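**Student:** output the structure for:
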Amino acid sequence: MNPVLVFLLPILLLLTGCASSPPPRIDPSPPVERRRDHWDGEGGAASLRSRGEELADFALRLRGAPYRYGGATREGFDCSGLVFYSHRQLGVAVPRTSREQAGDARQVKESKLRRGDLVFFKIGSRQVNHVGIYIGERRFVHAPGAGKPVTVNSLDDEYYEQRFSSAGRFWDRSAE
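**Tutor:** The predicted structure is shown next:
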């Protein structure tokens, strides 16, 4: 392989990530009215759904949306834009970048992850530069990068396992 390509390829891959985004393309539409309950299947009473469950379910519905550097609309998302947009739909304010999201989230131990929590990664960097939304069973939904749509991966995938940094929560800062 050409030595110049060997040198430039890792640099180009880092530049296509979502570590630093251009000015965000934020959907100007107001957040969607969120459901506060769901049918319990018992023929009557509805129970409160966790906001984390709502967040995870909403993010899962965005699978297949295109990747767009700096994107935070259904036209396309980068990793932190997906988190920003999904939280906004539930009326939860979060910072725009993955690094700020990691810094501002209430920290959660990996062993205490709940649906809707955020999982942070350091990909080719000493600082957090990638984020996903935990959906349970050690899986998360995220916008992986250029040319790849919003998808689901596992925290146990060797690639993500080696780059996992921390976890946090915005949807419920009072419980763990």
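
**Student:** okay, CA-based contacts and neighbour counts for the rest of this
**Tutor:** OK.

**Student:** what ranges do the strands span in the protein?
**Tutor:** For the chain, the strands identified by DSSP state E occupy 25-26, 37-39, 46-48, 71-73, 76-77, 106-107, 118-121, 130-136, 139-142, 151-154, 164-169, in order along the chain.

**Student:** got TSV for those strands, with mean pLDDT and distance to Arg99 too?
**Tutor:** What follows is those, written out as TSV (pLDDT from 0 to 100; distance: least, CA to CA, whole Å):
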stretch	mean pLDDT	distance to Arg99
strand 25-26	46	18
strand 37-39	37	32
strand 46-48	41	31
strand 71-73	97	16
strand 76-77	98	16
strand 106-107	97	13
strand 118-121	98	9
strand 130-136	98	8
strand 139-142	98	15
strand 151-154	98	20
strand 164-169	98	11
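
**Student:** dump these into JSON lines; add distance to His87 and mean neighbour count as well.
**Tutor:** Listed next are the strands of the chain as JSON lines, based on distance: least, CA to CA, whole Å; neighbours: other CA atoms under 10 Å:
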{"stretch": "strand 25-26", "distance to His87": "13", "mean neighbour count": "16"}
{"stretch": "strand 37-39", "distance to His87": "18", "mean neighbour count": "12"}
{"stretch": "strand 46-48", "distance to His87": "18", "mean neighbour count": "12"}
{"stretch": "strand 71-73", "distance to His87": "11", "mean neighbour count": "24"}
{"stretch": "strand 76-77", "distance to His87": "13", "mean neighbour count": "26"}
{"stretch": "strand 106-107", "distance to His87": "15", "mean neighbour count": "18"}
{"stretch": "strand 118-121", "distance to His87": "11", "mean neighbour count": "26"}
{"stretch": "strand 130-136", "distance to His87": "10", "mean neighbour count": "27"}
{"stretch": "strand 139-142", "distance to His87": "13", "mean neighbour count": "25"}
{"stretch": "strand 151-154", "distance to His87": "17", "mean neighbour count": "18"}
{"stretch": "strand 164-169", "distance to His87": "11", "mean neighbour count": "22"}
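
**Student:** now distance to Gly91 too, for those strands, in TSV please.
**Tutor:** Supplementary listing: those in TSV, determined by distance: least, CA to CA, whole Å:
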stretch	distance to Gly91
strand 25-26	14
strand 37-39	16
strand 46-48	16
strand 71-73	15
strand 76-77	18
strand 106-107	17
strand 118-121	16
strand 130-136	16
strand 139-142	20
strand 151-154	23
strand 164-169	14
